[in-house]
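> sequence and predicted structure below; questions after.
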Amino acid sequence: MFGILGKSLSTGVVTTSYPAAPPHMSSHARGRPEIDWANWKDARHAAAICPTGAIWYEDLNGQRLARLDLAKCIFCGLCADVDKTIRTTNVCECAARSRDDLVTSASYSLKSDGTHDRMVSPPTSPKTGHPRLTPAQRESLDTIGLQIKERVDKIFGRSLHIREVDAGSCNGCEIEIVGLNSPVYDIERFGIHFVASPRHADMLLVTGPVTRNMEQALKKTYDAMPAPRLVVAVGACGCSGGIFGVNYATRGSVDAVIPVDVFTPGCPPNPHALLHGILLAMGRLPSAAQG
Amino acid sequence: MNLSHVSNDLRPVVEEVTSRFKGRIGFLHAPQVNEIYLQGGMDLVSGFCAHLYRNWKARLVTVFADDVRAGEGAFHLYYVLALDAAHGFLILRVPVPPEAPEFTSLTNAIPAVNWQEREIQDLFGLKLIGHPNPRRCALHDDWPEVYPLRKDFNLKTVLPPFQGKRHKFREVEGEGVFQVPVGPVHAGIIEPGHFLFSVAGEPVLYLQVRLFYTHKGTEKLFENIPMTHGVRLAESISGDSSFAHATSFCHAVERAADVQAPARARVLRSVCLELERLYNHIADIGAVCTDVAFVTANMHAMRLREQILRVNEHLTGNRLLRGMACLGGVRYDWHAEQLQALRELVTGLKPEFDSLVHLVEDSSSTLDRLEHTGILKPAVARDLGVVGIAGRASGFDHDLRRDFPHAAYDEVNVKVPVFQVGDVRHRLRVRVDEVRESLSLIEQFTAKLPVGPVRAEVGELPADRVALGYVEGWRGEIFHWIRTAPGNRLARCKVKDPSLQNWPALSEAILGNIVPDFPVVNKSFNLSYSGTDR
């Protein structure tokens, strides 16, 4: 008893300190890739090495439409290995309210050797992140925490209850979701709590890809939730089907089966990225609450 | 029969077996010194396995099928036997004619292959003869008559959605007996599976485990993507074993290509495997404590796990070590500053981990819940072929790191903890001992890190090469068997996670225990659903 207490006291507080400390990301961490669209000379190398089709192109009438889809990206960084106009950042907060917001594309006219001549239409910028947060604020986990707390206070009194459903994942996302309950991230300090039943839940956190064998269970879990309810799709597989895509055994993304409010890319998204996705979903609540 | 290429340990076995089954079991080829292929008829399989079990202490580590009707006019069944003492694998290939698509079950003699045989029946449409419970396993009851791993089945086939017909569970009857269904959506943040408990009061009379909810067509997918993409797919077979699965896959491809990763890459691989073992073992120790209501210990364990995950990110760019593995070695070399972070982690973890263990061992109420709980007797474990942590807690003295040295494990002396008791406490003790051993191994590896490249070139592979890759993951032995196709692709990739073999042991270990102890017993095994279902 005293030993337990003594150890806790001597360990001290390990939770990311509130509200001062910045998020912890290694300089070696691989986050979202960034393409220098204006100077991109050839999309083919990156598209060939991309294991999930996150980088994709189509040639039509001498023009090339090239696309980066963060929902499919597993942040492996292989594209940056073969293409110097692509840079791997260590930015992990990529959640978006709409699947389309995760897609960036641009068109190029082509030279005879298949490389890009000039950009015909410039890239649409992805609308990830929280629009009311400046990039500097977005850096801080504590700011996110503050935002969550404000929204939770406003909408759900002082609590938001989450039910997690693994609809077919490899367990990678679950490892990071469990991390939210660790003393380091301590999601309960924001009044957010993981619950055992969908009937107690305001939010469904779903990892994928949704398998044929889990499709019905996922629908039933969703139906068991009281309205208003939120759904956050987690990970490349939850957002898009990821490396598995759609095949005889999987339905692919979560939104192929139930409505999704926020997409949280990553393979897996780390606890910061998960918190970011949860915040976004809560901002979305007024328009999603009609059900 | 030219056995000059076969290792000295295996040669006498091959000679003895081929002379015993003269003319009926023949030597095919030996692509590696410790990987020997033989061929024989279906009628000899059971005698062959029995002979090797009895006389050479072999164990059947995996059984799988391959559809080669196009080239060879038959299905092939492969029976992979590990001879730990001879440090080699004997692989019996058995042709099955398409006009009589059936095979004889070994389950009654070797219960370890129960699910694996049924999986072959489901995915290849080869009918099982003599299996005690030949019901569907990998494909659930409502699936139409399709055989996804046959070559004439398209990966993208669209099947009708689930329709009504539910699985008929085994009924247990009697006065006061009732059944408790759990899952597939669980109360905790874990993977999906269904458990049906039949109980009389509190004690469990029978547990039926029904899995394959996360079946994602992974093995079929391997056949449809370029070989290099396979490394990333292998990382997603079981998230907590990303590096082990990816490395096992890389080993298979490298063996098929006759390429060895450079010395430095082999050491970095070994360090990553130990880091994976560390973060999982420490998390499991904490989770077992949570399941008996000692949450404080879990909080400390989670804190230590986070330290490891952050160093993982610093070393490999990803907290789960993803993106590090590649064919021919590893993608990133480590700078002095990264190695320093690794050394500091190990130095810091030692006293922290000792303190955590002390906290748990000092708590009599915790130990009281762990001792004599969920006992898996050594005899049962042996019959079921239980491997890895769960096996070593029940008398299974095997570890691929020691018996089949891969990566850089030939340069160190791996101590393997083995206990006979087989309860939750001892599965925990295996983890505690292995964590200490892992810390020591990382120190040994980093102390004499060879200099040089971290990646060897793996050129394009010719078609029809076969190879078995293996890794001792934190949970147990992982196998990847590949057969190459033209154009640097795969014609077949069999994935064998230790969980597939270990799940049925859970049903045995829980018998007579009370339902509230199921979470802790389950967690003490901590088996992978996704690795099993694929």
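Looks like it arrived, so ask away.
> and the residue of chain B nearest chain A?
The nearest approach of chain B to chain A comes at B:Gly239, 2.8 Å away (CB to the nearest CB). In this view, the C-beta of every residue, glycine as well, is placed from N, C-alpha and C.
> can you give me phi and psi for that residue?
Dihedral pair for B:Gly239: phi -50, psi -40, per degrees, to the nearest 10.
> just to check, it is in contact with A:Glu174?
Yes. B:Gly239 lies in contact with A:Glu174 (CB atoms under 8 Å); the separation is 7.1 Å.
> packing partners of the longest helix seen in chain B?
Longest helix in chain B by number of residues (criterion: DSSP state H): helix B:263-291. On a contact count with 3 or more CB pairs under 8 Å, 6 or more residues apart in numbering or on different chains; DSSP states H and E, helix B:263-291 meets helix B:242-257, helix B:295-316, strand B:329-330, helix B:336-361, helix B:424-447, helix B:518-525.
> tell me the buried residues in stretch B:505-518?
B:505-506, B:508-510, B:513, B:515, B:517-518 (16 or more other CB atoms under 10 Å in any protein chain shown).
> tally of neighbours for the residue in the stretch 151-291 of chain A positioned nearest to chain B?
Proximity to chain B, evaluated over the stretch 151-291 of chain A using CB to the nearest CB, is greatest for A:Gly172 at 2.8 Å. By other CB atoms under 10 Å in any protein chain shown, 29 other residues sit near A:Gly172.
> sorry, back to before: and the closest residue to the residue of chain B closest to chain A other than its chain neighbours, its phi and psi?
Leaving aside its sequence neighbours, B:Gly239 sits nearest to A:Gly172 (CB to CB, 6 or more residues apart in numbering or on different chains; 2.8 Å). Note on A:Gly172: its backbone torsions stand at phi -60, psi -50 [degrees, to the nearest 10].
> so which of the buried residues of stretch B:505-518 belong to helices?
Those of the buried residues of stretch B:505-518 mapping onto helices are B:505-506, B:508-509, B:518, per DSSP H.
> tabulate the residues you listed (CSV), appending pLDDT and distance to chain A.
Converted to CSV, these look like this (pLDDT from 0 to 100; distance: CB to the nearest CB, whole Å):
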residue, pLDDT, distance to chain A
B:Ala505, 94, 20
B:Leu506, 94, 17
B:Glu508, 94, 24
B:Ala509, 95, 21
B:Phe518, 92, 15
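> B:Val495 contacts B:Glu219, correct?
Yes. Counting by CB under 8 Å, B:Glu219 is a contact partner of B:Val495 at 6.0 Å.
> show me which of those two is the more surrounded one.
B:Val495 (25 against 21).
> which element, helix or strand, includes that one?
strand B:489-496 (DSSP states H and E).
> against which helices or strands is that strand packed?
Contacts defined by 3+ CB pairs under 8 Å, 6+ apart place strand B:489-496 against strand B:59-68, helix B:218-222, helix B:229-235, helix B:242-257, strand B:477-485.
> hmm, back to that, near the residue of chain B closest to chain A, how many other residues are there?
26.
> using CSV, lay out the helices and strands packed on strand B:489-496 together with distance to A:Asn247 and mean pLDDT.
Converted to CSV, those look like this (distance: least, CB to CB, whole Å; pLDDT from 0 to 100):
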stretch, distance to A:Asn247, mean pLDDT
strand B:59-68, 17, 95
helix B:218-222, 7, 96
helix B:229-235, 12, 96
helix B:242-257, 19, 97
strand B:477-485, 18, 96
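> deepest of these, which one?
Highest mean neighbour count of the helices and strands packed on strand B:489-496: helix B:242-257, a mean of 28 (counted as mean count of other CB atoms under 10 Å in any protein chain shown).
> picking that back up, the residue nearest to B:Gly239 against B:Ile237, yeah?
No. A:Gly172 is beyond contact range of B:Ile237, at 10.2 Å (criterion: CB under 8 Å).
> contact partners of stretch A:41-56?
A:57, A:64, A:66-74, A:76, A:78-79, A:81-83, A:85-86, A:108, A:114-116, A:236, A:240, A:242-243, A:245, B:225, B:228-229, B:232-233 (CB atoms under 8 Å, 6 or more residues apart in numbering or on different chains).
> circling back to that earlier point, shared neighbours, B:Val495 and B:Glu219?
With CB under 8 Å, 6+ apart as the test, B:Val495 and B:Glu219 both reach B:Arg534.
> how about stretch B:169-177: buried residues?
Residues B:Val172 are the ones in stretch B:169-177 that count as buried (16+ other CB under 10 Å).
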